[in-house]
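K.L.:
Only the shape, not the letters, is given here:
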């Protein structure tokens, strides 16, 4: 006997479904409580499926809602449904997948895939065979409903369908789907392609076996009338380009011709899918040879796609010129993530400032959805990197017409084009820049806000060139205009100008020193004018300025301008306000730059950072003990505070000593160094290193407790944690001297292992653009250990000398390199045999010094000549034959060997 509802119960459920469609929040609350109560009854779910599948007298939204509530129940506790309830639901779904309403069919499809993804594909063996046989139904609704459900299952469970767990149903399903590519209904053709598309990226075997049929069928649908079908065809070709380019190459010419048409499709969704093709093609090695002859058609199409559409302009409020007085809504503000402090070698790299390639932050945040404009611009950008100057003959004739066009939308797109090609075509653009840059600077005062904002972005892409010219030529006019735009009446322009100015600061560095007064006046004035979102970007521009001009900022008049508004914000913000992150990062840069100039402000800032660390640790402790009562803390507060303390220690040096003396920071640091979150440990080791340099008197009593923790963090799996711990050990060595001896064994083996790892990742150091391997930090620390405890470290010399030399040869002369090389010389004195086999590497490392101090040069001289005398003139001649000519020259010139 089939399950039947109780009439009174049914009325109750229907009333609940009606109430839940009410906009009133109080009613909503009552509905939620009622749902909780009803979920206590196992057959409540039977009522829900009954309303969805059988109660045709009810309106569709109510029936669909009943199915969606059921879907949430399945998601939350399907495992506890009694078997008769589960069976009834499954049976009803399959019996009604062909409902006359497309909304109900779609809801049943969602319900089926939700049950299937709860591990039920194995437990519901008749599901796939039954859905597949329903595809043959004469009734359109049944066929469409079954296909809709199958498409959702393919999206949610693609891996499982291609596994032995289910006996590989794809072997039957893929050929079946391919038959439907020729179906008379566009909706069904579209479902069929979408189903097969789910299996391209994973290279499912059943699809690979039918790949040629699939491609043939796709070509047959190329000119389908239905946009959804065309979109799925384009999507398939883009994915095939990535995983089976071998099958496309024979047809590449016609595929490119097809994609050129589709990129201009009157349906924007189709055009967007097609445009992805160019992005993907640019990553393929064959891009240049297959695309070169088509650039003449492709470039104008991409350029045309870069114009704002009418709907974009409406969404972006493109006709609103002044909105600076309108407060931001909270959802405008993207969450910011703080990047923990990473130690890099001085004179090699500045602190990473988190301004990663601001590549596509070009514009239209409000449309952070991917759209044809963004896709076209990205495609032009990557193609410019592939074709370089060869792109320009196709572009330059277009650009003239665009950049001086009377319609602002067209002119705006031309400026975007110019920015998109900046990276790839820079060399070829140089001859035109003396003319173009002044024109772009003029566009900064265009009457349309969207033109002003894109001009900011494009100019920032050419900042490197601007700075390479005499300052009065372009830097000064650009800076003057950008500063005016920072005070623009339009929020989007303010944001673009602030970001562009931060890029300019990074490029110009100390070139900005003569204009500091004027720059600070502008940035400080913006403080009083900006709404919430742009304030956060303003902090970044101030922090970057401090990083770029360094100690030049330490002038009383500059401090007087800059510090009061920063401290006022600092006092306004509560401890739990996330706006503290960018402000703390900014102050960290400012403190490092101002050095002693920051002294008058350091006490409250220092105290608050300690409080933030303490509060976060306390909250973490409460959460660990009572997770049901307390929330987990946001540890970013602690990380940012530790990083600002590092900035203070670095900037104030010895002056920080009294602050440390009056606080419990060492106790807190001991806890932070053992935190479960790697970023917390990373920042605490950076602070430990900075405090070791600034006020070792407070670190020394803790060394016995700290060293074992440092030792256990020498784990290259967390490369930044490992680097910072390694660097801190090196700084501690230099302060401890011979007293380091009891701790050498705790860390030495790990350091030797790290320096010998073949795959130590390369880190790109920001300001030099040169690669130096992070193993330079372990090498310096091993050298420093050997400097203070040569007897303990020298016996292992042979195990690390080769990678030690290769990782330090690329580092410029500096204090750290100096102490490390003194250490290696002392170890060679104790164990000369340890270096014999790799002596050529030592020679090479010595030759990397430009100007070592005199006593260090003497140490090198003694070792080189000692080795030469030891082996005799003839052997030395043979040995030095292996030297590259440059090395030979340097050693002869500097050391006479």
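P.N.:
On my side now, so go ahead. Quick caveat: nothing in here was measured; it's all calculated off a predicted structure. Numbering: from 1, shown residues only.

K.L.:
ok, residue 288 - contacts?
P.N.:
Each residue near residue 288 by C-beta atoms under 8 Å, 6 or more residues apart in numbering is listed here: 386, 387. Quick note: C-beta positions are derived from backbone N, CA and C, even for glycine.

K.L.:
Distance-wise, check it relative to residue 388.
P.N.:
Residue 288 is 10 Å from residue 388, where distance means C-beta to C-beta, to the nearest Å.

K.L.:
Next, the contact list for residue 670, please.
P.N.:
By C-beta under 8 Å, 6+ apart, residue 670 lies in contact with 702, 705, 706, 709.

K.L.:
Show me which of the residues you listed are buried.
P.N.:
Applying 16 or more other C-beta atoms under 10 Å to the contacts of residue 670, the neighbour count classes 706, 709 as buried.

K.L.:
Tell me which of the contacts of residue 670 fall in helices.
P.N.:
When DSSP state H is applied, these are split such that 705, 706, 709 fall in helices.

K.L.:
can you tell me which residues contact the last one?
P.N.:
For residue 709, the set of contacting residues under the criterion of C-beta under 8 Å, 6+ apart consists of 670, 673, 674.

K.L.:
So which of those belong to helices?
P.N.:
residue 670.

K.L.:
Which of the contacts of residue 709 sits closest to residue 67?
P.N.:
Nearest to residue 67 among the contacts of residue 709, counting by C-beta to C-beta, is residue 674 at 50.2 Å.

K.L.:
wait, what's in contact with the closest one?
P.N.:
By C-beta under 8 Å, 6+ apart, the contact set of residue 674 is 681, 709.

K.L.:
what do you get for the one 5 residues further on?
P.N.:
The contact partners of residue 679, by C-beta under 8 Å, 6+ apart, come to 340, 635, 639.

K.L.:
burial of the second one, as a residue count?
P.N.:
Summarising burial for residue 635: neighbours were counted as other C-beta atoms under 10 Å, giving 20.

K.L.:
any idea how far residue 577 is from residue 568?
P.N.:
From residue 568 over to residue 577 the distance is 14 Å, taken as C-beta to C-beta.

K.L.:
Same list, the ones in helices among the contacts of residue 670, but as a markdown table with distance to residue 877 and pLDDT please.
P.N.:
A markdown table is the format used below for these (distance: C-beta to C-beta, whole Å; pLDDT from 0 to 100):
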| residue | distance to residue 877 | pLDDT |
| --- | --- | --- |
| 705 | 55 | 96 |
| 706 | 51 | 97 |
| 709 | 51 | 97 |
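
K.L.:
of those residues, closest to residue 619?
P.N.:
Top of the list for closeness to residue 619, among those and by C-beta to C-beta, is residue 709 at 22.0 Å.

K.L.:
Quick one: the helices in the stretch 301-450 of the chain, in order.
P.N.:
Ranges of helices in the stretch 301-450 of the chain, per DSSP state H, counting those that start in this stretch, are 310-315, 372-387, 392-403, 408-420, 426-429, 433-443, 449-461.

K.L.:
Identify whichever of those helices lies nearest to residue 62.
P.N.:
Closest among the helices of the stretch 301-450 of the chain, once you apply C-beta to C-beta, is helix 310-315, at 32.7 Å.

K.L.:
Please work out the average pLDDT along stretch 637-647.
P.N.:
Taken as a whole, stretch 637-647 has an average pLDDT of 94.

K.L.:
for stretch 481-501, same thing?
P.N.:
On average, the pLDDT along stretch 481-501 is 96.

K.L.:
Tell me which residues of that stretch come out buried.
P.N.:
Result for stretch 481-501 [16+ other C-beta under 10 Å]: buried residues 481-483, 485-488, 490-501.
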